[in-house]
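Q: Sharing a sequence plus its predicted fold:
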Amino acid sequence: MLERLTAKITSKLDHVLNSQGHIFALSRDVFERNLYLSGQIAARQLKTINKIDTLADVEFRVHSQWGEDGIIEWLVQKLPGISRTFVEFGVENFGEANTRFLLRNRGWKGLIMDGTAANMQHVQAETLYWMHDLLAVEAFVTAENINELITQNGFAGELGILSVDIDGNDYWVMKAIDCVKPAILILEFNGVFGDVHEITTPYEPSFERLKAHHSGQYFGASLEAMKSLAKEKGFTFVGTNSNGVNAFFVRNDLAKPIVSSIGTIKSWPARHRDSRDGNGVLTFERGENKAALIEGLPVHNIANGEVQSIASLGPLYSEEWANEL
């Protein structure tokens, strides 16, 4: 009797849990569809905007972290003939990424990479993965392997967008890339490093942000370093997002219609407050206090080729940035 009763209770619980799971799945699907529809409406509204003051005017967020979806959509609308392909790496599980909305909204095909197997398996298990031409590859990207990874996966040559965000060796990996010719380049920069000096963390193939320093503020390169590198590779800087995370560039031969449509090529300092203490707890430091956490750490000064401490560089921020911090 007890066994039959237990079996009945277990069966009913399973039924309830399965029903709840089904309801949750349906709710998530409805939410995703509504989110996507809102993004489509915003994208269509951008077609009415011929000139903007700064890139901030066209920001909107569907799957991007800060508003890059809108910036990307506006740039792509201005460059209708570019390749409908992208490469983005450092995407985690692709839930929050620069190219996910582009994939869904415009049907581009792309290659994404991340160093954690579970992240790529998560993407491969999504409905999105079979519905679109997307290749998710597990790879810890380094300056030594990046060209091989892109080439062996079929994305060498003309490319619509290259998006680099690995929270570490971004400068060195971007410097090494020579197998693609992107129309649009999106480079994450470290706003804590400022906009005055061309600096980056010294190259270490196994670099991991939180292992390098518990604060999470020591990674990547300054905006000036990324601008200098992009210019060297034939790209024009067209601005950053308003939260001071990603810098946008357009290939020189394609840049004229973009530059002529922007009133001010503007950059913003980082406003996010994601500093952590030694236990990994957020401390919410602001402005120059974030730089103070890592002032004794070494950076590679690209201008003179020397490795020196951050503190020895002098002021990190221009007057414009300092006034906005």
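A: Good, I have the coordinates. Numbers count the residues shown, from 1 in each chain.

Q: which stretches of the protein have low pLDDT?
A: The model of the chain has pLDDT under 70 over residues 1-28.

Q: Helices of the stretch 101-250 of the chain, start to end?
A: 117-124, 127-131, 146-152, 170-176, 209-212, 223-232 (DSSP state H, counting those that start in this stretch).

Q: so how many other residues sit close to A311?
A: By other CB atoms under 10 Å, the residues close to A311 number 13. Backbone N, C-alpha and C define where each C-beta goes, glycine included.

Q: In a helix, it, correct?
A: Yes. Counting by DSSP: H, G, I helix; E, B strand; the rest coil, A311 falls inside a helix.

Q: My read is that it contacts E295, right?
A: Yes. A311 lies in contact with E295 (CB atoms under 8 Å); the separation is 4.1 Å.

Q: coming back round to it: possible to save the helices of the stretch 101-250 of the chain as CSV with mean neighbour count?
A: CSV is the format used below for the helices of the stretch 101-250 of the chain (neighbours: other CB atoms under 10 Å):
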stretch, mean neighbour count
helix 117-124, 16
helix 127-131, 12
helix 146-152, 17
helix 170-176, 22
helix 209-212, 14
helix 223-232, 21
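
Q: can I get these in TSV with distance to A270?
A: TSV is the format used below for the helices of the stretch 101-250 of the chain (distance: least, CB to CB, whole Å):
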stretch	distance to A270
helix 117-124	24
helix 127-131	30
helix 146-152	25
helix 170-176	15
helix 209-212	14
helix 223-232	10
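
Q: To L37, which of those lies closest?
A: For L37, the closest of these is helix 127-131, at 15.8 Å, according to CB to CB.

Q: what's that closest one packed up against?
A: The elements that helix 127-131 packs onto, with contact taken as 3 or more CB pairs under 8 Å, 6 or more residues apart in numbering; DSSP states H and E, are helix 100-106.

Q: Show me what the helix it packs on is packed up against.
A: Against helix 100-106 (3+ CB pairs under 8 Å, 6+ apart) you get helix 2-46, helix 68-78, strand 109-114, helix 127-131.

Q: where does the last one sit relative to the chain's centre, distance-wise?
A: Read that as helix 127-131. 21 Å (CA atoms, centre = their mean, to the nearest Å).

Q: So what touches that helix?
A: Residues outside helix 127-131 that contact it (CB atoms under 8 Å, 6 or more residues apart in numbering) are R100, L103, R104, V123, L134, A136.

Q: Report the contact partners of the fifth one.
A: Contact criterion CB under 8 Å, 6+ apart gives L103, K109, G110, L111, I112, V123, L128 as the residues in contact with L134.

Q: Against R104, how distant is it?
A: As judged by CB to CB, to the nearest Å, L134 and R104 stand 10 Å apart.

Q: swap in Q65?
A: 17 Å.

Q: Next: I52.
A: 24 Å.

Q: Would you mind measuring from the most centrally placed residue in the chain to R209?
A: Nearest to the geometric centre of the chain sits D165, at 4.8 Å (CA atoms, centre = their mean). Going from D165 to R209 by CB to CB gives 11 Å.

Q: just A183 next, same as before
A: Distance, A183 to R209, by CB to CB: 29 Å.

Q: likewise N153?
A: In terms of CB to CB, N153 sits 25 Å off from R209.

Q: just I72 next, same as before
A: Taking CB to CB, one finds I72 at 24 Å from R209.

Q: what do you get for L102?
A: 26 Å.

Q: Identify the bridge partners of P298.
A: Taking DSSP bridges as the rule, P298 bridges to S309.

Q: Which residues are in contact with L35?
A: L35 neighbours (CB under 8 Å, 6+ apart): V62.

Q: Check the gap between it and T48 for me.
A: 22 Å.

Q: sorry, back to before: for the contacts of L134, could you give me a markdown table that also reports distance to R271?
A: Shown next, in a markdown table, are the contacts of L134 (distance: CB to CB, whole Å):
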| residue | distance to R271 |
| --- | --- |
| L103 | 28 |
| K109 | 34 |
| G110 | 29 |
| L111 | 31 |
| I112 | 27 |
| V123 | 29 |
| L128 | 30 |
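
Q: closest to V196 among those?
A: Nearest to V196 among the contacts of L134, with distances taken as CB to CB, is I112, at 33.2 Å.

Q: since we're on that closest one, how many residues are nearby?
A: 25.

Q: same question, G234
A: 13.

Q: looking at it, it is touching N252, isn't it?
A: Yes. Using CB under 8 Å, G234 makes contact with N252 at a distance of 5.1 Å.
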